[in-house]
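Student: Predicted model, plus sequence, below.
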Amino acid sequence: MSPDFTARTASFHTTRWTRVCAAKSDSDEGRRALADLCDAYYEPVITFLRCELRDADAARDMAHAFFADILAGGAILSADPVKGRFRSYLLGAVKHFLAHQRDAWRRKKRGGGSEHLALEQEEALQVADRRQPAPDQEFDRQWAVVVLRRALDALRAECVVEGKSEIFDKLQPWLNGEAVQGDQVELATTLGMNLNSLKSHVHRLKQRFRHHVKAEIAGTLAETSSVDEELAALLACLRRS
């Protein structure tokens with residue numbers, strides 16, 4: 001991997017959320033950065049809404065409406081860089097959006113509006129069954145899963161550029177916790193290396209994976225926020241799952 005490529009990638013990751021907070025809705029650059037973050041972290045939002053609404057179709061429709069509102073630029077004006085985390089902003093924003101939709105539904109149900117919500121919309125806006133998983137925890141858990149997946153994708157792309165895609169494919173289970181006890185000597189032979197060399201490659205990939213995880217996290221934080229603190233929170237989310 002070339003130093004220039006690594007530097008460009010690091011720069012992109014460490015400035016995405018900062019660019020959004022700085023530019024708000026008045027900049028094409030800020031809008032592009034926000035669209036990238038929303039696209040990347042759609043899954044935590046849809047997971048949260050499924051927990052709240054108990055209806056996959058309603059959750060998807062609500063998510064689309066929410067992101068359309070976010071990308072229109074109005075909601076982002078309330079983003080505070082001092083708060084630091086895009087994760088916190090996104091969860092707060094979707095909660096506010098859902099509460100607003102529920103209030104509108106209740107007003108119309110009382111006859112305060114001229115339009116009637118369709119049956120499926122009414123069902124979508126029912127209060128969550130509290131016996132189900134806590135929506136906030138599910139949001140955070142899915143957030144952690146997305147961060148790890150994006151970091152793994154970045155590492156895969158790096159290995160492809162270096163001509164080491166086969167090594168990555170064979171050693172990936174050691175990175176995502178899917179590895180089982182097996183004949184490492186046979187695997188090393190398959191890859192044309194000795195056992196010590198195999199262990200060295202595994203160690204290097206783990207280091208690079210951690211680098212990409214931290215880079216992904218950094219891209220969702222303000223410059224003054226702690227990547228290590230957010231990494232600890234991510235690991236705690238995974239342990240609870």
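Tutor: It's in.

Student: give me the low-pLDDT residue ranges for the protein?
Tutor: 1-15, 22-26, 73-83, 110-133, 179-182, 223-224, 241 (pLDDT under 70).

Student: And the strands in it?
Tutor: Per DSSP state E, the chain carries no strands over any range.

Student: Output the longest helix belonging to it.
Tutor: Secondary structure of the chain per DSSP state H: the longest helix is helix 135-161.

Student: And residue 138, how far from residue 85?
Tutor: As judged by CB to CB, to the nearest Å, residue 138 and residue 85 stand 17 Å apart. Any C-beta I mention is one placed from the backbone N, CA and C, and that applies to glycine too.

Student: Oops, could you answer that again for residue 221 instead?
Tutor: 6 Å.

Student: Ok, residue 38 next?
Tutor: Counting by CB to CB - residue 38 and residue 85 are separated by 15 Å.

Student: Also residue 172?
Tutor: 29 Å.

Student: what's the answer for residue 141, then?
Tutor: Applying CB to CB, the value for residue 141 to residue 85 is 16 Å.

Student: Please name the residues that touch residue 202.
Tutor: Counting by CB atoms under 8 Å, 6 or more residues apart in numbering, residue 202 touches 171, 174.

Student: Quick check: neighbours shared by residue 221 and residue 85?
Tutor: Both residue 221 and residue 85 are in contact with residue 230, where contact means CB under 8 Å, 6+ apart.

Student: Who has more neighbours out of the two?
Tutor: Shown here are residue 221 and residue 85; by other CB atoms under 10 Å, residue 221 has more neighbours (23 against 18).

Student: Now residue 86. Nearest residue, chain neighbours left out?
Tutor: residue 220 (4.0 Å; CB to CB, 6 or more residues apart in numbering).

Student: For burial, what's the neighbour tally of the one you found?
Tutor: Using other CB under 10 Å, residue 220 has 25 other residues around it.

Student: what does residue 208 give?
Tutor: 18.

Student: Identify the residues contacting the closest residue to it other than its chain neighbours.
Tutor: What sits nearest to residue 208 in space, not counting adjacent residues and going by CB to CB, 6+ apart, is residue 155, at 5.5 Å. Contact analysis of residue 155 by CB under 8 Å, 6+ apart lists 168, 175, 205, 208, 209, 212.

Student: I'd like to know which of these are part of helices.
Tutor: Filtering these for helices - DSSP H - leaves 168, 205, 208, 209, 212.

Student: Please produce TSV containing these, extended by distance to residue 196.
Tutor: TSV is the format used below for the ones in helices among the contacts of residue 155 (distance: CB to CB, whole Å):
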residue	distance to residue 196
168	19
205	15
208	19
209	20
212	25
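
Student: Which one (most neighbours) among those?
Tutor: residue 212 (22 neighbours).

Student: Go through the ones in helices among the contacts of residue 155 and name the one nearest residue 70.
Tutor: residue 212 (25.9 Å; CB to CB).

Student: Contact partners for the nearest residue to the closest one once chain neighbours are set aside?
Tutor: Leaving aside its sequence neighbours, residue 212 sits nearest to residue 151 (CB to CB, 6+ apart; 3.9 Å). Taking CB under 8 Å, 6+ apart, we find residue 151 in contact with 209, 212, 213, 215, 216.

Student: what's the answer for residue 175, then?
Tutor: 152, 155, 205, 206, 209.

Student: repeat for residue 185
Tutor: Per CB under 8 Å, 6+ apart, neighbours of residue 185: residue 195.

Student: How much space separates it from residue 198?
Tutor: 8 Å.

Student: Go through the longest helix of the chain and flag the buried ones.
Tutor: Of all the residues in helix 135-161, those buried under the rule 16 or more other CB atoms under 10 Å are 135, 138-148, 150-152, 154-156, 158-159.
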